[in-house]
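Participant: Structure of the sequence below:
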Amino acid sequence: MSGGHMTDRGMTETGPGGRDMSGGNMSGRGGGGVPKDPSPRRSLALFRAFMREQEDPDACYALLARDAADQVEAYGGPVAGRVVLDVGGGSGHFTEEFRRRGADAFLFEPDARELAEKPPEGTVLADGYLLPLCDGAADVTFSSNVLEHVADPQTFLSELVRVTGPGGLIYVSFTNWLSPWGGHEWAPWHYLGAERARARYRRRTGRPAKHTLGENLFPVHIGTTLRQVRARADVRIVSARSRYWPFLTEAVVKVPGLREFATWNLLLILRRCPE
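Facilitator: Model prediction:
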């Protein structure tokens, strides 16, 4: 895989819906049927897909992949011709969506059990703490709902930054611990304690929970993560927002305390600073 540093290939600072953050306009892609971000219609569509995840995971994650790719392009312009790294992308839906849009996209996944039966061509089994890539290899580094599954989020973020070229975009989202969905399959009962929530899940479903606190799920918080990112000199925050909310997506993240419960899922759009 060749390193592809960011150049001036039409990359403008944009926001959701194709808004040029510098004051101009940029038409959006339309997202393959995904409603405008943010909007109640989009949030409802994603929520309905999540509710059907167990019975139709492909439809759920295909929709989420289109939505996430729309967000990447809204903030960073078209991905066509760019190198995109999907770190921890599991089934490969995100990688395939970026490739559909013309990107040179590659999946890096540490757990072979999370891969689809036929993972995207060129998939690499690799630890997100130590990616087998040179510095600045990517134009876009993408990580969806992975941060809460790593024991050392700071080291993981540092590796995402390392492999992103100067001026490149870093997309990181995660479900924070105090979110109503923080306990994943045993949410919202994690508010009463992880072990109690896991026991309840087993009684209700007859099978053990996939996630165990301290093993493959960790209590990551929004305030702590924001302070760590803001302290870095190698990235700047383009946006810190709720990924799925239909309104006030950035405002809710600005309120300490409330944000830990109301954000649900934090989306960070970061720009790699020039060296």
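Participant: Give the buried residues for the lengthiest helix in the chain.
Facilitator: Longest helix in the chain, counting residues (DSSP state H): helix 57-76. Of the residues in helix 57-76, 60-76 count as buried by neighbour count, 16 or more other C-beta atoms under 10 Å. The C-beta positions use only the backbone N, C-alpha and C, and glycine is treated the same way.
Participant: which element follows that helix toward the C-terminus?
Facilitator: Using DSSP states H and E, the next helix or strand after helix 57-76 towards the C-terminus is strand 83-87.
Participant: Name every strand pairing with that following strand and say which way it goes.
Facilitator: Strand pairing for strand 83-87, using DSSP bridges, gives strand 104-109 (parallel), strand 138-144 (parallel).
Participant: among those strands, which is nearest P132?
Facilitator: Across those, P132 has its closest neighbour in strand 104-109 (8.2 Å, C-beta to C-beta).
Participant: and A194, what is it in contact with?
Facilitator: The contact partners of A194, taken as C-beta atoms under 8 Å, 6 or more residues apart in numbering, are 183, 186, 212-213.
Participant: got the strands paired with strand 83-87 as JSON lines, with mean pLDDT, mean neighbour count and distance to K118 columns?
Facilitator: Formatted as JSON lines, those follow (pLDDT from 0 to 100; neighbours: other C-beta atoms under 10 Å; distance: least, C-beta to C-beta, whole Å):
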{"stretch": "strand 104-109", "mean pLDDT": "98", "mean neighbour count": "24", "distance to K118": "12"}
{"stretch": "strand 138-144", "mean pLDDT": "98", "mean neighbour count": "27", "distance to K118": "20"}
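Participant: Of all those strands, which one is nearest A251?
Facilitator: Distance to A251, taken as C-beta to C-beta, is lowest for strand 138-144 among the strands paired with strand 83-87, at 22.8 Å.
Participant: Run through who's touching the closest one.
Facilitator: Here strand 138-144 has contacts from 3-6, 64, 68, 72, 76, 79, 82-89, 94, 98, 103, 128, 156, 160-161, 163-165, 168-173, using C-beta under 8 Å, 6+ apart.
Participant: Check stretch 216-229 too.
Facilitator: Contact partners of stretch 216-229, identified using C-beta under 8 Å, 6+ apart, comprise 147-151, 153-154, 157, 174, 176-178, 182-184, 210-211, 213, 235, 237, 240, 253, 256, 259-260, 263, 266, 268, 270.
Participant: what comes up buried for it?
Facilitator: 217-218, 220-222, 225-226, 229.
Participant: Let me see the ranges of the strands in the stretch 151-275 of the chain.
Facilitator: Here the stretch 151-275 of the chain has its strands, by DSSP state E, counting those that start in this stretch, at 164-174, 235-242, 266-272.
Participant: Throw those strands into CSV and include mean neighbour count, thanks.
Facilitator: As requested, these are arranged in CSV below (neighbours: other C-beta atoms under 10 Å):
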stretch, mean neighbour count
strand 164-174, 24
strand 235-242, 19
strand 266-272, 24
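Participant: possible to save the ones you listed as CSV with mean pLDDT and distance to A197?
Facilitator: Below are the strands of the stretch 151-275 of the chain laid out as CSV (pLDDT from 0 to 100; distance: least, C-beta to C-beta, whole Å):
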stretch, mean pLDDT, distance to A197
strand 164-174, 98, 19
strand 235-242, 98, 23
strand 266-272, 98, 21
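Participant: how about JSON lines for those, with distance to R204 added?
Facilitator: Below are the strands of the stretch 151-275 of the chain laid out as JSON lines (distance: least, C-beta to C-beta, whole Å):
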{"stretch": "strand 164-174", "distance to R204": "26"}
{"stretch": "strand 235-242", "distance to R204": "29"}
{"stretch": "strand 266-272", "distance to R204": "28"}
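Participant: could you measure the residue located most distally from the centre of the chain against A197, distance?
Facilitator: In the chain, R203 marks the outermost C-alpha relative to the chain mean, sitting 31.4 Å out by C-alpha atoms, centre = their mean. Per C-beta to C-beta, to the nearest Å, R203 is found 11 Å from A197.
Participant: now swap in P256 and tell me
Facilitator: Distance of P256 to A197, computed by C-beta to C-beta: 25 Å.
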